[in-house]
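In: Attaching a predicted model along with its sequence, questions to come.
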Amino acid sequence: MDKKAGFNTKMVHGGIDIDQFGSANVPIYQSSTFAFRSAKQGADRFAGKEEGYIYTRIANPTIKALENNIAALENGYGAIATSSGMGAVTSIYMGILEQGSHMISTASVYGPSRVIMEKYFSKFGVESSYVDTSSIENIISHIKPNTKMLYLETPSNPTMQLSDIKACAQIAKQHNMILVVDNTFSSPYLQSPLDLGADISFHSVTKFINGHADIVGGIIITKTEELYKKVRPMMVNLGFNMDPHQAYMVLRGVKTLSIRIEKAQESAAIIASWLEKHPKLEWVKYPGLKSHPQHELAKQQMRGFGTMISFGLKGGLKAGETLMDNMKLALLAVSLGGVETLIQHPASMTHSAVPREERIKAGISDGLVRLAVGIENVEDQLADLEQALNKC
Ligand code: LCS
């Protein structure tokens, strides 16, 4: 595949080899193990002297096709598919950090990404600072001699705050930190962290990349071979591997990634402007709105403003509950990035494990409601919000 091929071309063909039968789709190699033709071949494969498959936890042809495809979309050296987005987060923490090292991270990250660091990795002597990474000065003020990783989630879940990837890459380089970006909220279609200077980009493929709310998965893309070799053994040895059937589902989803996002994003822009004018709302956060504090940065580092909106109602949490209980088309469910519109309440759902004080400090107020816009007709999405807001 020509490296200069367009995004849609890479989405459909990137990294995918046609098999011996000319199969248009990558087959599901549902096999846990792969037979060697001889003892020597087995030994050579284990020694890395011969390419080929050994055991599915290590590598598998269907999973490899997905890894090559996403590496092509993000312009990385290689990709590592994982059982879930959290499998990706854990593999990255394990691969880069060690006892005594320190990490700086966006305060408003997906709840469990923070909880596993503060609750579990801390037990093994890893330190962390959860800070406002939208300010470079603030990041610099938290750097310590043992800071090894700068971890951004941009836009962040669920506050929709942005961090400047290019500026952070410069700081990371100066201070010998590995820059990791959780690119889940943008997908490879809207943002290319590695092109902006990040070392590692990753996704919960459960969201946009798969896009059909039918599997859970993750993927890590590294800029260099060195980082790939540091992180891949974590997936393999800790058992965070994807399953071949899961990889097949994701390969099927990724073929329509840009088309799904374009459609949902068009609606999200209309809905965000509509919500901003609604008398029952106190505030709306969407990177495409001029009122978003980092609208200009969003224009520079993203190729579109995405499909995620967060907002607060004047009636606070009570009104938010009434809204969620009365939505008829949108599902009251966590997750995002699928074809269906979802609504949820981070304080009691996705971010409930983050202590309240820390959650509020990170900008996730009790009344914040998160809307993940799907591909339904925008008139129907608006009518659904209108009838539910009328009850608030
Ligand atoms: N990173 C981000 C930004 C996420 O939103 C999620 C999941 C993960 C990582 C973890 O991925 P998973 O293991 O679930 O594949 N976010 C969810 C959310 O906002 N609602 O439900 C899950």
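Out: That came in fine, so what should we check first? Quantities reported herein were computed from a predicted structural model and do not represent experimental measurements.
In: just the helices in the stretch 101-250 of the chain please.
Out: With DSSP state H, counting those that start in this stretch as the criterion, the stretch 101-250 of the chain has helices at 111-115, 136-142, 165-174, 187-190, 225-238, 244-254.
In: which one of the ones you listed is the most hemmed in?
Out: helix 187-190 (a mean of 25; mean count of other Cβ atoms under 10 Å). C-beta coordinates here come from the backbone N, C-alpha and C atoms, glycine included.
In: Remind me what it packs against, helices and strands.
Out: Packing partners of helix 187-190 (3 or more Cβ pairs under 8 Å, 6 or more residues apart in numbering; DSSP states H and E): helix 61-74, helix 257-277.
In: contacting residues around that helix?
Out: 7, 70, 73-74, 203, 207-209, 257-258, 261, 302-306, 337 (Cβ atoms under 8 Å, 6 or more residues apart in numbering).
In: Now, of the residues you listed, which are buried?
Out: Among those, those buried by neighbour count (16 or more other Cβ atoms under 10 Å) are 7, 70, 73-74, 203, 207-209, 257-258, 261, 302, 304-306, 337.
In: Could you check what's spatially nearest to the residue in the chain positioned nearest to the ligand, not counting adjacent residues?
Out: The ligand sits closest to residue 85 of the chain, with a gap of 2.1 Å, by Cβ to the nearest ligand atom. Counting by Cβ to Cβ, 6 or more residues apart in numbering, residue 204 is the residue found nearest to residue 85 once chain neighbours are left out, at 2.6 Å.
In: I figured the one you found hits residue 88, correct?
Out: Yes. Between residue 204 and residue 88 there is a contact at 7.3 Å, judged by Cβ atoms under 8 Å.
In: that older thread, could you pick out which of the contacts of helix 187-190 are near the ligand?
Out: Checked against the ligand using Cβ under 6 Å from any ligand atom, those give no members in range.
In: hey, where'd the strands end up in this protein?
Out: Remark: strands assigned in the chain by DSSP state E are 78-82, 102-106, 127-131, 147-153, 178-182, 200-204, 218-222, 281-285, 308-313, 331-332, 342-344, 368-372.
In: Show me what from the stretch 151-300 of the chain comes close to the ligand.
Out: Residues of the stretch 151-300 of the chain lying near the ligand (Cβ under 6 Å from any ligand atom): 153, 157, 182, 184, 185, 204, 206, 216, 218.
In: how many other residues sit next to the last one?
Out: Taking other Cβ atoms under 10 Å as the criterion, the count of residues near residue 218 is 29.
In: Repeat that for the third one.
Out: By other Cβ under 10 Å, 28 other residues sit near residue 182.
In: Please name the nearest non-neighbouring residue to it.
Out: residue 153 is the one closest to residue 182 (Cβ to Cβ, 6+ apart), at 4.1 Å.
In: residues in contact with that neighbour?
Out: For residue 153, the contacting residues are 105, 106, 108, 109, 110, 113, 163, 181, 182, 184, 185, by Cβ under 8 Å, 6+ apart.
In: one more time with 10 Å, if that's ok
Out: Residue 153 makes contact with 105-110, 113-114, 133, 159, 161-163, 180-185, according to Cβ atoms under 10 Å, 6 or more residues apart in numbering.
In: Residue 143 now?
Out: 102, 104, 129, 150, 171, 172, 174, 175, 176, 177 are the contacts of residue 143 under Cβ under 10 Å, 6+ apart.
In: Let me know the distance separating it from residue 288.
Out: Taking Cβ to Cβ, to the nearest Å as the criterion, residue 143 is separated from residue 288 by 32 Å.
In: Likewise for residue 50?
Out: To residue 288, residue 50 is 51 Å away according to Cβ to Cβ.
In: Comparing these two, which residue is more hemmed in?
Out: With neighbours defined as other Cβ under 10 Å, residue 50 and residue 288 compare such that residue 288 has more, 18 against 13.
In: Test my guess that that one contacts residue 296.
Out: No. Counting by Cβ atoms under 10 Å, residue 288 sits too far from residue 296 to count as a contact (11.8 Å).
In: No more questions from me, cheers.
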